[in-house]
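1. for reference, the sequence and a predicted model appear below.
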Amino acid sequence: FSVSRKYYRDIDKATNMPVPDAVVSVIIPGSAVVAILFAIVLWKRVASIQLTGGQAVLRSQNGREYLLEEDQRGEEEVVARAADIQASIQEGANAFLAAEYYYMGIFMVLMSIAIFSLLSSITPEEGRTRQDEIRQGIFSTVAFVTGAITSILSGYLGMKIATYANARTAVEARKGIAPAFMCAFRSGAVMGFLLAGFGLLNLYIVITVFQKFYGDDWKGLFESITGYGLGGSSIALFGRVGGGIYTKAADVGADLVGKVEQNIPEDDPRNPAVIADNVGDNVGDIAGMGADLFGSFAESTCAALVVAAISTLGQTHDYSGMLFPLVVSAAGIIVCLFTTLVATDLKPAKVIAEIEYTLKLQMIISTILMTPVALAVALFTLPETFTLPGTDGLTSDGKTVKNWYMFVCISIGLWSGLLIGLQTEYFTSNRYQPVQDVADACRTGPATDIIFGLALGYKSCIIPTIAIAISIYVGSSLAGMFGIACAALGMLSTLATGLAIDAYGPISDNAGGIAEMAGMGEDIRERTDALDAAGNTTAAIGKGFAIGSAALVSLALFGAYITRAKIDLVHSSILDPRVFAGLLFGAMLPYWFSAMTMKSVGKAALAMVEEVRRQFQTIAGLMEGTARPDYKRCVAISTQAAISEMIAPGALVMLTPIIVGALFGTQCLAGVLAGSLVSGVQLAVSMSNTGGAWDNAKKYVEAGASEHARSLGGKGSDCHKAAVIGDTVGDPLKDTSGPSLNILIKLMAVESLVFAPFFYSCAGGNGLFFQYFNLA
């Protein structure tokens, strides 16, 4: 950003003609519709791959048959087996989501009652009536339900796409790396564009409908819209926790008994937990992750809208300026569309060595293209200057912001996201030294493997923390909390691309499992393993984006909460005993939450291990491959464990802000939010990267792609068994506790923002506990 201020002043003068409101009203829903249509086009290309054997899947590019008749019959049998396995995975995933969504529906009803009751019961302040408070309660509840349904839809569509594409990716792997890669990536892109399109379109529709009732009261409108973010993140929490417990219970059980005790390969069809393991990839890494990133988008947008409404943008009813956050997301969709074409049509990965490079190129290209687009959006959507509210909540002593400042805020978040993604790749990809060092530590057993992995995770916190800190400083210096919220939006502006490369991983993982179970051969499994190894890295990159954006989103929501709860800077200082007490309690919450989720995985995994052992011991012919294991029993164990164990962690997150805010006051709750943010980010980054490194260290040993890797002994060696144990320990870290922590810090912040008026009404914000004991 070395361009001179004079250059920007000249641009401002030349472009101080904000686009008409009608243009913005077309751009936002138009981009969302384009995203959905593009997803449908990609879906049709994936659907053209048949799972019916015969010549349709057995022809080479020149149309000549390349298999003899006897081999063709064998290939038809393999494809039919792959289709059968896919159907079993779909059945298990559908059963779990049906059970999970049943309980989510009950939660939505209870939470809707709570939102309406608490917000409608507030004593009206000066200038407001009882009808105003009831209206706020009604529309906040409607926004919550809309956000929750959109989150459920995002997760469900992602799961359906992944379970549809997994067997097709395995079938395409028989033709080579390029067809399999394009199938997996296109399928991931379908999810990315559907989620980005539906999320933006639904939010725009809600704002448009609400505006008919609120009129020019933009502040009240956007405060009620915060319920949209609350709905998205609350569903994401249960999706991440429940899906994470499901997938890791199955994964740990399958690995400990199958690979360590019985010495059979990963995804061997003789393993009773193998179907449950593959189901878990979809309900955890796909459905949960989709709902998670949708929640981040919804919350960052809501935080920016709340601040925009109380600035001069809201006071002057500048429609285009207030909807600037949505225009940024709309522009990001178009940028991601062109970026996706590079990987699917212009430069797809054709050999194993190109897979990670092609996926990394997606992040780099989308970031480069989005930068000038963000400048254009800022200059043509916002007025030359506008004023944000000051410490008194008014714009009289507020901060004057120039439109190009917002370009800098968007860009700093955008490039910070890329930096976090690249450093995550460095710490979790087995192409680089850190993971190779972890693999080398397996020579002396699992203890040193775990020590090296933990050290790697702790070290990997450094760059993300610095990047987030710089983003916060720059955003706050230029545009206060509005700048921080827009930095989060910048990080999420390429959401469709981020989701595509993230969803690619579980699809490839499932494809490898199906290839193994269908008996497609070692060469096919080698290709799917290469796709999967890259997928592990992209999944870690996706988690890095989610954690980084969650930190920025949470701080922006925290700022909005401080304003709405009428807390001034003096009373939010850590020198205040209530704030500091809350700070300590909040810093402890991520550890309490992680303990609950990890113990839940351990309990569920114990039940899975016992069941798998029982089947190996009692089913005659299972090890010989002449008997079929009871897959459904293992699926049922994971489903029941996930549903029962997700309630307590969810209750901890959902009830903490309400109890602290009502009983101990708004200042104590401010400390809780700050403490959970600071400790939660570090814990989430280290957990995710440690688990990802252990997973790829295991794959490095298994693949034996280099002289160093071959010297470690390969599959079945003592070194490999140590790597498997490290991977098993890392499973709940990277797929359950770590990813759920970013939802914890976001969800508590947005919940506090939604209920801030109620908390303030409890003894004037001092808390019922302090009022009862006359300590207020």
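-> Yep, it's here.

2. run through this protein and note the low-pLDDT ranges.
-> For the chain, residues meeting the criterion pLDDT under 70 lie at 1-18, 52-74, 390-397, 570, 776.

3. ok, longest helix in it?
-> helix 647-703 (DSSP state H).

4. and the next element down the chain from it?
-> Downstream of helix 647-703, the first helix or strand assigned by DSSP states H and E is helix 707-710.

5. list the helices and strands that next one packs on?
-> Applying 3 or more CB pairs under 8 Å, 6 or more residues apart in numbering; DSSP states H and E, we find helix 707-710 packed against helix 433-440, helix 647-703. Any C-beta I mention is one placed from the backbone N, CA and C, and that applies to glycine too.

6. any idea which of the ones you listed is most buried?
-> By mean neighbour count, with neighbours taken as mean count of other CB atoms under 10 Å, helix 647-703 ranks first of the helices and strands packed on helix 707-710 at a mean of 25.

7. before we move on, back to that, relative to Ile420, which of the helices and strands packed on helix 707-710 is closest?
-> Proximity to Ile420 (CB to CB) singles out helix 647-703 among the helices and strands packed on helix 707-710, at 8.7 Å.

8. returning to what we had before: so which of the helices and strands packed on helix 707-710 comes closest to Asp251?
-> Among the helices and strands packed on helix 707-710, the nearest to Asp251 by CB to CB is helix 647-703 (10.1 Å).

9. where does Ile643 fall, secondary structure wise?
-> Per DSSP H and E, Ile643 falls inside helix 631-645.

10. mind listing what's buried in that helix?
-> In terms of neighbour count (16 or more other CB atoms under 10 Å), helix 631-645 has its buried residues at 631, 633-643, 645.

11. let's see that helix as CSV, backbone CA atoms only.
-> Output of helix 631-645 as CSV, limited to C-alpha atoms (Å, rounded to 0.1, in the frame of the first residue of the first chain):
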residue,chain,number,x,y,z
TYR,A,631,-21.3,-52.0,9.2
LYS,A,632,-24.7,-50.7,10.3
ARG,A,633,-23.9,-51.5,14.0
CYS,A,634,-20.8,-49.3,13.9
VAL,A,635,-22.8,-46.5,12.1
ALA,A,636,-25.4,-46.7,14.9
ILE,A,637,-22.8,-46.4,17.6
SER,A,638,-21.2,-43.3,16.1
THR,A,639,-24.7,-41.7,15.5
GLN,A,640,-25.9,-42.3,19.1
ALA,A,641,-22.6,-41.1,20.6
ALA,A,642,-22.5,-37.9,18.5
ILE,A,643,-26.1,-37.0,19.3
SER,A,644,-25.9,-37.6,23.0
GLU,A,645,-22.4,-36.1,23.5
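
12. name the residues that touch that helix?
-> The contact list for helix 631-645 (CB atoms under 8 Å, 6 or more residues apart in numbering) reads 88, 92, 95-96, 99-100, 103, 242-243, 245-247, 249-250, 253, 272-276, 279-280, 600, 603-604, 607-608, 611-612, 615.

13. out of those, which are buried?
-> Buried among those (16+ other CB under 10 Å): 88, 92, 95-96, 100, 103, 242-243, 245-247, 249-250, 253, 272-276, 279-280, 600, 604, 607-608, 611-612, 615.

14. where do the strands sit along this structure?
-> Secondary structure of the chain by DSSP state E: the strands cover 385-388, 399-402.

15. what are the pairing partners of the first one, and which direction each?
-> What that stands for is strand 385-388. Looking at strand 385-388 with DSSP bridges, its partner strands are strand 399-402 (antiparallel).

16. CA atoms of the partner strand as CSV?
-> Below are the C-alpha coordinates for strand 399-402, written out as CSV (Å, rounded to 0.1, in the frame of the first residue of the first chain):
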residue,chain,number,x,y,z
LYS,A,399,-13.9,9.1,13.2
THR,A,400,-13.9,10.4,9.7
VAL,A,401,-13.3,7.6,7.2
LYS,A,402,-12.4,8.0,3.5
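
17. go through it and flag the buried ones.
-> Buried positions in strand 399-402, judged by neighbour count with 16+ other CB under 10 Å: Lys399, Val401, Lys402.

18. closest one to Gly542 out of these, please.
-> The closest of the buried residues of strand 399-402 to Gly542 turns out to be Val401 (CB to CB; 31.8 Å).

19. gap between the closest one and Ser88?
-> 56 Å (CB to CB, to the nearest Å).

20. before we move on, the earlier item: in helices, which of the buried ones among the contacts of helix 631-645 appear?
-> Counting by DSSP H, the buried ones among the contacts of helix 631-645 place 88, 92, 95-96, 100, 103, 242-243, 245-247, 249-250, 253, 274-276, 279-280, 600, 604, 607-608, 611-612, 615 in helices.

21. which residues of the stretch 351-500 of the chain fall in helices?
-> Using DSSP state H, counting those that start in this stretch, the helices of the stretch 351-500 of the chain run over residues 355-381, 403-428, 433-440, 446-459, 462-492, 495-517.

22. quick one on the thing from earlier: the helices and strands packed on helix 707-710: which one's closest to Arg128?
-> Closest among the helices and strands packed on helix 707-710, using CB to CB: helix 647-703, at 18.7 Å.

23. and the angle for the closest one with helix 403-428?
-> 60 degrees (axes from the mean of the first three to the mean of the last three CA atoms, to 10 degrees).

24. pull the distance from helix 647-703 to the chain's centre.
-> In terms of CA atoms, centre = their mean, to the nearest Å, the centre of helix 647-703 is found 14 Å from the chain centre.

25. chain neighbours aside, what residue packs nearest to Val241?
-> Of all residues not flanking Val241 in the chain, Met646 sits nearest, at 4.5 Å (CB to CB, 6 or more residues apart in numbering).

26. how many neighbours does the closest residue to Leu414 other than its chain neighbours have?
-> Leaving aside its chain neighbours, Leu414 sits nearest to Gly490 (4.1 Å; criterion: CB to CB, 6+ apart). Applying other CB atoms under 10 Å, we find 32 residues neighbouring Gly490.

27. so Gly490 touches Phe407, yeah?
-> No. Taking CB atoms under 8 Å as the definition, Gly490 is not a contact partner of Phe407, at 9.4 Å.

28. what touches both of those two?
-> Residues within reach of Gly490 and of Phe407 at once, by CB under 8 Å, 6+ apart, are Ala374.
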